[in-house]
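> Give me a model of this one.
(chains A, B, C and D)
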2 protein chains.
Amino acid sequence: MFCGKIIVRNFANMNFKMQIDPITDEQKKLARYAKAMGHPVRAYVLDLLANQSCCYSGDLTEVLPIAKSTLSQHLKELKDAGLIQGQTEAPKIKYCVNKENWEEAQKLFKKHLGL
Amino acid sequence: MFCGKIIVRNFANMNFKMQIDPITDEQKKLARYAKAMGHPVRAYVLDLLANQSCCYSGDLTEVLPIAKSTLSQHLKELKDAGLIQGQTEAPKIKYCVNKENWEEAQKLFKKHLGL
DNA sequence: CTTGTTGTTCGTAGTTTTGCGAAATACGAA
DNA sequence: TTCGTATTTCGCAAAACTACGAACAACAAG
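Numbers count the residues shown, from 1 in each chain, chains lettered A, B, ... in the order given. I've put the predicted structure just below:
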């Protein structure tokens, strides 16, 4: 998603295209992570994976009141945001937090929430 | 939004309705706050109000590359989530963080992100 | 009371999210 | 290879989100 102002100025026969976006990359990243956490199911899953350990999709389906396919989409959402990762242990898939990005998220929230 | 399992059991001629929801209230609150922060514009506004001071809607419109009406909706979203509040200084409206809820959000993120 | 300034609300449009069940996929085991 | 298990992908529908401009509301100032 684009969130910037495009300003075009002409000097003589030169063309300048300058994008002035008051929203920083950090704020955009923060928003991306926040969005991923912005659903009860996903907040629950993250909580579980962060404070505890890895788990299988099936473990979650047993506990959560949603269809398997719906859970799968939430996991995909978290994966796309970079907060978790899944490794195949056929026929299961073990999900864990993506340490690197999780730490980045921690840093961002810490900074922007003034913690 | 409901995220729980409804389990109904019958004992003799008594009816039990029990809601078993693995997702805690804290996780739901966290998700609510995170959702509100989950857009670049809103992340920007929160950053501004939290790290700096209050500001008027007009101040933001000058800087942000979105229509007034769109900004107004984002501010409403933040207000509905409880993260900011607005007080009339006619004909302007001054927006500030809602201190009480902001602190709750800080606490929740701190706890659930393991900070 | 009229005007100008500041924001919100409304109507509309297109996109994304959320959710489900059914079908498809992946893969070890028999 | 065929079967069973675990999970994803597909197709669909309803709801929510994002965004805009036009119209409206609030109110101080003249």
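> ok, how many other residues are close to A:I23?
Counted by other CB atoms under 10 Å in any protein chain shown, the residues lying close to A:I23 total 20. For glycine as for every other residue, the C-beta is placed from the backbone atoms N, C-alpha and C.
> how near is it to A:K110?
For A:I23, the distance to A:K110 (CB to CB, to the nearest Å) stands at 19 Å.
> Over to A:L83?
For A:L83 relative to A:K110 (CB to CB), the value is 16 Å.
> more neighbours, those two?
Comparing A:L83 with A:K110 by other CB under 10 Å, the one with more neighbours is A:L83, at 23 against 14.
> so that one sits right up against A:L46, yeah?
Yes. With contact defined as CB atoms under 8 Å, A:L83 reaches A:L46; the gap is 6.4 Å.
> Now do the shared contacts for these two.
Any residue near both A:L83 and A:L46 by CB atoms under 8 Å, 6 or more residues apart in numbering or on different chains counts here, and that gives A:37, A:97.
> Identify the residues contacting the residue nearest to the spatial centre of chain A.
Per CA atoms, centre = their mean, the C-alpha nearest to the average position across chain A is that of A:A81, at 2.9 Å. For A:A81, the contacting residues are A:32-33, A:35-36, A:101, by CB under 8 Å, 6+ apart.
> Around DNA strand D, pick out the residues from chain A.
Residues of chain A lying near DNA strand D by CB under 7 Å from any atom of the strand: A:1, A:3, A:56-58, A:61, A:68-69, A:71-73, A:75-76, A:86, A:91-93.
> remind me which residues of chain A are low pLDDT?
A:1-19 (pLDDT under 70).
> Would you mind naming what in it lies close to DNA strand C?
Looking at DNA strand C, the residues of chain A close enough under CB under 7 Å from any atom of the strand are A:35, A:38-39, A:41, A:65-70, A:73-74, A:77, A:88, A:90-91.
> Compare those and tell me which is most surrounded.
A:V41 (24 neighbours).
> Need the nearest residue in space to it, chain neighbours excluded.
With sequence-adjacent residues excluded and distances taken as CB to CB, 6 or more residues apart in numbering or on different chains, A:V41 is closest to A:H74, at 5.0 Å.
> Tell me which helix or strand the one you found sits in.
Assigned by DSSP states H and E, A:H74 belongs to helix A:68-80.
> Packing partners of that helix?
helix A:25-37, helix A:40-51, helix A:57-63, strand A:84-89 (3 or more CB pairs under 8 Å, 6 or more residues apart in numbering or on different chains; DSSP states H and E).
> can you give me the angle that helix makes with strand A:84-89?
Orientation of helix A:68-80 against strand A:84-89 (axes from the mean of the first three to the mean of the last three CA atoms, to 10 degrees) gives an angle of 120 degrees.
> Report the distance from helix A:68-80 to the chain centre.
Relative to its chain's centre, helix A:68-80 lies at 12 Å (CA atoms, centre = their mean, to the nearest Å).
> For it, list the C-alpha coordinates in CSV.
Extracted as CSV, the C-alpha positions of helix A:68-80 are listed here (Å, rounded to 0.1, in the frame of the first residue of the first chain):
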residue,chain,number,x,y,z
LYS,A,68,-9.1,-26.0,10.2
SER,A,69,-9.1,-24.1,6.9
THR,A,70,-9.7,-20.9,8.8
LEU,A,71,-6.8,-21.6,11.2
SER,A,72,-4.7,-22.3,8.2
GLN,A,73,-5.4,-18.9,6.8
HIS,A,74,-4.5,-17.2,10.1
LEU,A,75,-1.3,-19.1,10.2
LYS,A,76,-0.6,-18.0,6.7
GLU,A,77,-1.3,-14.5,7.7
LEU,A,78,1.3,-14.7,10.5
LYS,A,79,3.7,-16.4,8.2
ASP,A,80,3.3,-13.7,5.5
